[in-house]
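[1] A predicted structure for the sequence below; I have some questions about it.
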Amino acid sequence: MKIYDNYNRPVTSLRISITTKCNLNCFYCHKDGIVPSSQEMTADEIEKACKVASRLGITKIRLSGGEPLLRDDIITIIEKISTIGFKDISLTTNGTLLEEYSSRLKEAGLNRVNVSLDTLDSNTYKFITGKNHLEKVKAGIKAAVKAGLYPIKVNMVMMKNINSHEIWDMFKFCHQQGAILQLIELLTTEQCPGNGFEKYHYNLAEIEKKLSKIADKVKTRKFMQDRRKYYINGGEIEIVRPMDNTRFCENCTRMRITPDGKLKPCLLRNDNLIDMKKALQEDNLEKLRRLFIKAIKNRYPYYQKNKKGNP
Ligand SMILES: Nc1nc2c(ncn2[C@@H]2O[C@H](COP(=O)(O)OP(=O)(O)OP(=O)(O)O)[C@@H](O)[C@H]2O)c(=O)[nH]1
Ligand SMILES: C[S@@+](CC[C@H](N)C(=O)[O-])C[C@H]1O[C@@H](n2cnc3c(N)ncnc32)[C@H](O)[C@@H]1O
Ligand code: SF4
Ligand code: SF4
């Protein structure tokens with residue numbers, strides 16, 4: 001069974017932000033569009049939400065944050081989710097703790113990781129993140145490959161005059177590791193005003209044009225925001241271009257959950273959240289199911305053609 005929103009978009013994937021804490025301080029960070037809160041769902045509550053999601057036809061789970069590997073119970077969380085029967089369980093991480101965690105994550109049932117790394121230059125890394133952890137992250141990526149997490153994506157947020165000249169070095173690095181390079185357009189949201197968007201935003205259209213000329217093969221991820229993947233000399237580059245992109249939103253299949261247990265229909269909005277904390281605490285799966293359906297009915301493509309204004 002698949003569940004559809006009012007715009008005929010199937011909801012097949014769930015992105016759970018499990019903490020707002022982080023050990024880096026990337027200047028551009030949108031924090032997954034989440035309002036900071038010190039409350040965090042317990043591992044059992046996360047499991048309950050995932051069970052309900054699975055019964056509603058959601059097949060993919062992604063854990064994010066903040067930095068998800070800062071949760072002491074991250075292995076327990078993954079063990080619990082992995083018994084439910086999802087097709088894909090993945091995690092987005094800054095990679096600083098990946099060397100330490102990779103094999104345990106794999107054993108617990110995690111399928112894959114996306115690792116954020118914008119640069120191979122240590123000064124640039126420090127400028128972006130405020131910390132000196134570049135070598136740790138590189139070691140983390142290697143450990144993830146060795147542990148058999150697959151496929152691994154390296155997330156590179158593209159920024160004018162910061163790292164845009166590093167694409168091909170990053171592509172080479174990723175290819176050597178057997179990882180996919182994901183080039184991400186810098187976003188701004190109401191959660192991160194003044195995050196350098198005006199100064200550093202880099203338009204990925206030119207790169208896409210170039211990639212489509214040199215690629216051996218191009219694939220479109222129809223059920224993943226219609227993103228393009230370019231295959232070049234045995235390596236792979238995926239492009240994430242969400243800003244003002246109506247096609248991206250038309251093909252959005254994702255529901256989100258905030259660390260404090262609110263269903264969040266869209267990354268860019270915080271005015272239509274559905275709080276399920278009480279239902280999670282009450283262990284009321286039927287009530288949770290109804291809240292999920294209500295949140296799915298609250299989903300609107302953020303960027304729309306002929307936009308009249310979202311309800
Ligand atoms: N606007 C918008 N941006 C998104 C959405 N999902 C992911 N992104 C952006 O895409 C980037 C990569 O996200 P990841 O956490 O690595 O996950 P992903 O690439 O979306 O997921 P997979 O394709 O399953 O690997 C992040 O910078 C997000 O901000 C979305 O639904 N809307
Ligand atoms: C918010 S982070 C959370 C997970 C983890 N801390 C990490 O950095 O991978 C999720 C992803 O969003 C990306 N991201 C953060 N702020 C962004 C922005 N303003 N525009 C585009 N991507 C952004 C990060 O690079 C990362 O790949
Ligand atoms: S590591 Fe992730 S959550 Fe932390 S500041 Fe950087 S992008 Fe944001
Ligand atoms: S509707 Fe658009 S902006 Fe909102 S989460 Fe989906 S793809 Fe992102």
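    That came through fine. Ligands and ions are numbered 1, 2, ... in the order given.

[2] Pull up the gap between residue 68 and residue 277, please.
    According to C-beta to C-beta, to the nearest Å, residue 68 and residue 277 sit 19 Å apart. Any C-beta I mention is one placed from the backbone N, CA and C, and that applies to glycine too.

[3] of these two, who's got more company?
    Comparing residue 68 with residue 277 by neighbour count (other C-beta atoms under 10 Å), the higher total belongs to residue 68, at 27 against 14.

[4] can you count the residues close to residue 39?
    Look at residue 39: counted by other C-beta under 10 Å, it has 10 neighbours.

[5] How about residue 233?
    When neighbours are counted by other C-beta under 10 Å, residue 233 registers 9.

[6] just residue 269 next, same as before
    17.

[7] Backbone torsions only: list them for it.
    phi -130, psi 150 (degrees, to the nearest 10).

[8] cool, residue 249 as well?
    The phi/psi pair for residue 249 (degrees, to the nearest 10) is phi -70, psi -30.

[9] count of neighbours near it?
    Residue 249 has 22 nearby residues by other C-beta under 10 Å.

[10] what residues are up against it?
    Listed by C-beta atoms under 8 Å, 6 or more residues apart in numbering, the contact set of residue 249 reads 225, 242, 301-304.

[11] From those residues, which shows the smallest pLDDT?
    pLDDT across these is lowest for residue 225, at 66.

[12] Need the per-residue pLDDT for residue 262.
    98.

[13] Can you give me the neighbour number for it?
    21.

[14] what's the nearest residue to residue 160 if we skip its chain neighbours?
    residue 202 (4.4 Å; C-beta to C-beta, 6 or more residues apart in numbering).

[15] for the one you found, what are its contacts?
    Counting by C-beta under 8 Å, 6+ apart, residue 202 has contacts 158-160, 164, 185-186.

[16] so the residue lying closest to residue 108 once chain neighbours are set aside, which of the three states?
    The shortest distance from residue 108 to any non-neighbouring residue, by C-beta to C-beta, 6+ apart, is to residue 78 (4.0 Å). State at residue 78, reduced to three classes by DSSP: H, G, I helix; E, B strand; the rest coil: helix.

[17] burial measure for residue 78, as a count.
    Residue 78 has 24 nearby residues by other C-beta under 10 Å.

[18] which residues touch whichever strand or helix holds residue 52?
    Assigned by DSSP states H and E, residue 52 falls within helix 43-55. Residues outside helix 43-55 that contact it (C-beta under 8 Å, 6+ apart): 14, 16, 18, 41, 61, 73, 76-77, 80-81, 84-86, 255, 257, 261, 276, 280-281, 283, 285, 288-289, 292.

[19] where's that helix relative to the chain centroid, distance-wise?
    19 Å (C-alpha atoms, centre = their mean, to the nearest Å).

[20] Over to stretch 186-200?
    Here stretch 186-200 is found 17 Å from its chain centre; the criterion is C-alpha atoms, centre = their mean.

[21] Repeat that for stretch 242-259.
    11 Å.
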